[in-house]
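# What shape does this take:
(one chain, ligands or ions: 1)
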Amino acid sequence: MTNLNDPPMNEVRATMIAALHDFCSCSIYDKEEYSARLQTYLEAWEEYERLFAQAVCPHLHTVDETTGGMHFAGGDVIDDIVEKAHCLDCGKDF
Ligand SMILES: [Zn+2]
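Have a look, this model is predicted:
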């Protein structure tokens with residue numbers, strides 16, 4: 001479970017606050033700049049929400065996903081099968 005004070009969480013929180021600060025300090029009369037900064041803020045907010053959801057999600061609904069397979073190369077068998085669980089609620093992979 002992601003801790004709310006983990007570096008990724010802190011980083012994205014700082015990005016979001018910086019983007020919000022940027023947004024607040026721009027002129028609403030310059031529409032293009034206004035919407036560009038608003039977009040940056042919204043993206044940062046969505047990323048924060050996504051990480052927050054992962055941090056608080058109990059991951060009750062997961063599915064197992066398998067990628068890769070068995071390959072033969074020069075008489076060797078290469079197995080790059082990766083099994084992971086994917087949470088349907090928050091989208092986190094384990
Ligand atoms: Zn989850």
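# what about the longest helix along the chain and the ion, any contact?
In the chain, taking DSSP state H as the definition, the longest helix is helix 31-56. No: Helix 31-56 stays clear of the ion (C-beta under 5 Å from the ion), getting no nearer than 6.1 Å. Where C-beta positions appear, they are placed from N, C-alpha and C, glycine not excepted.
# List the buried residues for that helix?
Arg37, Thr40, Tyr41, Ala44, Glu47, Tyr48, Leu51, Phe52, Gln54, Ala55 (16 or more other C-beta atoms under 10 Å).
# Then stretch 70-87?
Using 16+ other C-beta under 10 Å as the burial criterion, the residues of stretch 70-87 that qualify are Cys87.
# Any part of that stretch near the ion?
Yes: using C-beta under 5 Å from the ion, stretch 70-87 reaches the ion at Cys87.
# before we move on, which element is Glu11 in?
In this structure, Glu11 is located in helix 7-24 according to DSSP states H and E.
# Direction-wise, compare that helix with helix 31-56 and give the angle.
Here helix 7-24 runs at an angle of 160 degrees relative to helix 31-56 (axes from the mean of the first three to the mean of the last three C-alpha atoms, to 10 degrees).
# Let's see helix 7-24 as PDB, backbone CA atoms only.
This file holds the C-alpha atoms of helix 7-24, laid out as PDB (Å, rounded to 0.1, in the frame of the first residue of the first chain):
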ATOM      1  CA  PRO A   7       8.100  10.500  -2.200                       C
ATOM      2  CA  PRO A   8       5.900  10.000  -5.300                       C
ATOM      3  CA  MET A   9       2.900  11.300  -3.400                       C
ATOM      4  CA  ASN A  10       4.900  14.300  -2.100                       C
ATOM      5  CA  GLU A  11       6.200  15.000  -5.500                       C
ATOM      6  CA  VAL A  12       2.900  15.000  -7.200                       C
ATOM      7  CA  ARG A  13       1.400  17.100  -4.400                       C
ATOM      8  CA  ALA A  14       4.100  19.700  -4.900                       C
ATOM      9  CA  THR A  15       3.500  19.700  -8.700                       C
ATOM     10  CA  MET A  16      -0.200  20.200  -8.200                       C
ATOM     11  CA  ILE A  17       0.400  23.100  -5.800                       C
ATOM     12  CA  ALA A  18       2.900  24.700  -8.100                       C
ATOM     13  CA  ALA A  19       0.400  24.300 -11.000                       C
ATOM     14  CA  LEU A  20      -2.400  25.800  -9.000                       C
ATOM     15  CA  HIS A  21      -0.200  28.700  -7.900                       C
ATOM     16  CA  ASP A  22       0.700  29.200 -11.600                       C
ATOM     17  CA  PHE A  23      -2.900  29.100 -12.600                       C
ATOM     18  CA  CYS A  24      -4.000  31.600  -9.900                       C
END
